[in-house]
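J.: Please work out how this folds:
(2 chains)
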Amino acid sequence: MNLALKDVRHNFGRFLMTVAGVAFLVTASIGMIGLYRGIVADALLVIDRIGADLWVVQGGRAGPFSESSAISSDMDRRVEGVDGAAGVRRFVQISQQFEHEGRTLRASLTGLDYPRDTGAWVPLVSGRHLANGHFEAIADASVGLVLGDVVRLGLDDFTIVGVTRGMVDISGDGLLFVTVNDAMAVAQRRTSEEVLLARGASGRATSGSGSSVAQDSKIAAVLVTLDPAADEAAVRRAILAWGDANVLSRADQRNLLLDQRLWRLRIQILAFTGVLLVVMAIVISLIIYMLTQEKRHQIAMLKLIGARNGVIVGMISVQAYLIGAGGLVLGLGLSNLIFPFFPRRVVIDPGDIVLLALAIAVISGFASLLGISRALKVRAQEVLS
Amino acid sequence: MSAPVLSVRDARRHYASGDTIVRALDGVSLDMRAGEVVGIMGPSGSGKSTLLLIAGLLEPPTSGEVLIRGERVSAPDAELDGLRDFRRRNIGFVFQKANLIPFLTAAENVALALEIDDVPARPALAYAEHLLDSVDLGHRMGNLPARLSGGEQQRVAVARALANDPALILADEPTAALDSVRGRQVIGLFREIADTRRAAVAVVTHDPRVLDLFDRTLELRDGRIVAETVA
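T.: Numbers count the residues shown, from 1 in each chain, chains lettered A, B, ... in the order given. Prediction:
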């Protein structure tokens, strides 16, 4: 008979409470790892989906995600002329805070180079992609807008024509797609006082751009789609030769994000996960040790009636593994229930769960060793005490 | 005449306590034969329980030896942990407290002793039920210990002690927690077991009301047998 299972069934409430405690630690571990995975997934979302082979950014910089980048607004025309470039699109992304129906909303305003890019690469849950050059927007559900909403950005009203889900930037702000020209108009909006003050300071009239304030270009990058037969290195060399532009591949962008911008976060989350696993090891070890202490009399009795050490070791280790396995299953269930409601994406990766299961198996083994070493010291005659 | 089931030869058990030596057992010799029920009496600290521990292969004597069915199994140099299998097959124990596993039913508590001896689960449970029937607990075999009275728990402990059909049963004050009627029932059960199963039974007790059920009564004082009464 399986003594561990019998004991668990007899003390099911206590077992459940113990498993629940371990499950919360497992949930926290899954959350920590999932949060990191989520941040990475969010950070790589645009890079992976936008379909650019090369990113032409400001010279000497590694923009636009790792550093700021501003290139001249006609850079796309220059890149278009490079041999091997099959298509170019301007890219702009700015953080925007705005009022809507009495609420303050945040979004990462992302420009689509309409009509070359209608946002067809953006997966919609409802509505359509852009069909006009102005005043239409595709919003991620996390922004807080729904299909048909009209929202004021800068000086203009935009109608939400499409809704996405899970499209956010590295800081978790939902993406709000408009045309590049509209995005620049929103970014370049100035108050009339700013314009007047700037005019007074410079003593000259404003140009037709509507502002006397010095305007950095809001174009952060030009996305290049290469001709299938193009030599990527040759295209790169040609653009770098201009001196005012830098060229990054998709792989470069990924590496910049993962190994530079996010590396501190990676180490931090790894450290926290390590601390949680150590806490879990201590908690399970203490639980098993206390359960063993509680059973000293029964263990002495088992020894008295001639039970081999294997029977006692089995009772303790099976219980430790049941606690670990129960904690993992319940923790995974809780994670799937709770994390979808978290404001940031928490990615539950099957590979991470397998690794966590292995870690819990090692922890349960270590915990049971502590209990087993105590149990093996129990003497049969203690049954008389 | 067959060899005694239990032979204790000039057993001594001395403990160091500070500068003094405590002589818990001081040269006790004892033979017990199959079918014999022996009562062991004496005041607290007289060495009764120490004798039982040494006879039960739970402690080695400081000097002397223990033979079971003629086989020398314990002496000062004995490795008692290695005698677990021997103990399981030859000795049954009953104590003042029944010491039942609280998360096992009465039948499972008895069957456990058999499963530990590699008897498959189903026949082990069937035999456990038979043993519980024989101690009039057939109707309680599915109950957990917490649902049994003290007397019933003690009878389950007796059934467990009988599970491996041991030649020797050692009982340390098995009636101490029971009223006189139930106490006498338990000793009566030992008498029956000795008669029907030909087991040798040693019972440490303080209860003079059950002396008539013993074949012999030994009285211990200061670690020595000072009197022996044959019924």
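J.: Name the SS class of the residue of the stretch 101-250 of chain A found nearest chain B, please.
T.: In the stretch 101-250 of chain A, the residue that lies nearest chain B is residue A:166 (48.6 Å; C-beta to the nearest C-beta). Placement of C-beta: from N, CA and C, glycine included. Here residue A:166 is coil, with the state taken from DSSP: H, G, I helix; E, B strand; the rest coil.
J.: Now the nearest residue in space to it that is not next to it in sequence: which helix or strand?
T.: Leaving aside its chain neighbours, residue A:166 sits nearest to residue A:345 (6.6 Å; criterion: C-beta to C-beta, 6 or more residues apart in numbering or on different chains). Using DSSP states H and E, residue A:345 sits within no helix or strand.
J.: list the contacts for residue A:345?
T.: Residue A:345 makes contacts with A:38, A:39, A:41, A:42, A:166, A:168, A:172, as judged by C-beta atoms under 8 Å, 6 or more residues apart in numbering or on different chains.
J.: in chain B, what spans have low per-residue confidence?
T.: Low-confidence segments of chain B (pLDDT under 70): B:1-2.
J.: Pull up the residues of it that are close to chain A.
T.: B:49, B:53, B:58-59, B:84-85, B:87-89, B:93, B:95, B:99, B:101-104, B:108, B:111-113, B:115-117, B:121, B:144, B:160, B:164, B:172 (C-beta under 8 Å from any C-beta of the partner chain).
J.: Please pick the buried ones from these.
T.: With burial judged by 16 or more other C-beta atoms under 10 Å in any protein chain shown, the buried subset of these is B:49, B:53, B:58-59, B:84, B:87-88, B:93, B:95, B:99, B:101, B:103-104, B:108, B:111-113, B:115-117, B:144, B:160, B:164, B:172.
J.: Just give me the neighbour total for residue A:127.
T.: 17 (other C-beta atoms under 10 Å in any protein chain shown).
J.: Setting the sequence-adjacent residues aside, check what's closest to residue 42.
T.: Using chain A. Residue A:42 sits nearest to residue A:168 (C-beta to C-beta, 6+ apart), 4.9 Å away.
J.: Hmm, no, I was thinking of chain B.
T.: residue B:220 (3.7 Å).
J.: What is whichever strand or helix holds that neighbour packed up against?
T.: Using DSSP H and E, residue B:220 sits within strand B:216-221. If you count contacts as 3 or more C-beta pairs under 8 Å, 6 or more residues apart in numbering or on different chains; DSSP states H and E, strand B:216-221 packs onto strand B:37-41, strand B:224-230.
J.: for the chain, what spans make up the helices?
T.: Going with chain A. A:3-10, A:12-49, A:75-80, A:180-187, A:192-202, A:232-240, A:250-255, A:263-294, A:296-304, A:309-338, A:350-377 (DSSP state H).
J.: Actually, chain B is the one I wanted.
T.: Using DSSP H, helices in chain B cover B:48-55, B:84-90, B:106-115, B:121-134, B:150-162, B:180-197.
J.: circling back to that earlier point, mind listing what the residue nearest to residue A:42 touches?
T.: The contact partners of residue A:168, taken as C-beta under 8 Å, 6+ apart, are A:42, A:45, A:108, A:140, A:142, A:174, A:175, A:345.
J.: ok, the residue nearest to the spatial centre of chain B - contacts?
T.: Centroid check for chain B by C-alpha atoms, centre = their mean gives residue B:170 as the closest residue, at 1.4 Å. Applying C-beta under 8 Å, 6+ apart to residue B:170 gives the contacts B:52, B:55, B:56, B:91, B:92, B:93, B:94, B:201, B:202.
J.: Most proximal residue of chain B with respect to chain A?
T.: Across chain B, no residue is closer to chain A than residue B:88, which sits at 2.5 Å (C-beta to the nearest C-beta).
J.: wait, that residue sits on residue B:118?
T.: No. Between residue B:88 and residue B:118 no contact is recorded; they are 10.1 Å apart, counting by C-beta atoms under 8 Å.
J.: if we can go back for a sec, would you convert the contacts of residue A:345 into CSV that also reports pLDDT?
T.: Shown next, in CSV, are the contacts of residue A:345 (pLDDT from 0 to 100):
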residue, pLDDT
A:38, 90
A:39, 88
A:41, 89
A:42, 89
A:166, 89
A:168, 92
A:172, 88
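J.: need the helix or strand of chain A with the lowest average pLDDT.
T.: None of the helices or strands of chain A scores lower by mean pLDDT, DSSP states H and E than helix A:192-202, at a mean of 77.
J.: how far away is the residue nearest to residue A:276 when sequence neighbours are not counted from chain B?
T.: In space, and not counting its chain neighbours, residue A:276 is closest to residue A:29: 4.8 Å by C-beta to C-beta, 6+ apart. Residue A:29 is 31 Å from chain B, where distance means C-beta to the nearest C-beta, to the nearest Å.
J.: And for residue A:332?
T.: 28 Å.
J.: surely that residue meets residue A:30?
T.: Yes. Using C-beta under 8 Å, residue A:332 is in contact with residue A:30, at 6.8 Å.
J.: So for those two, which sits in the more crowded spot?
T.: Applying other C-beta under 10 Å to residue A:332 and residue A:30 shows that residue A:30 carries more neighbours, namely 27 against 18.
J.: Tell me the pLDDT of the nearest residue to the more buried one once chain neighbours are set aside.
T.: Nearest non-adjacent residue to residue A:30, counting by C-beta to C-beta, 6+ apart: residue A:335, 4.4 Å away. Confidence at residue A:335, expressed as pLDDT, is 96.
J.: Pull up the gap between residue A:335 and chain B, please.
T.: Using C-beta to the nearest C-beta, we find residue A:335 at a distance of 32 Å from chain B.
J.: Burial check on residue A:81, number of neighbours?
T.: 9.
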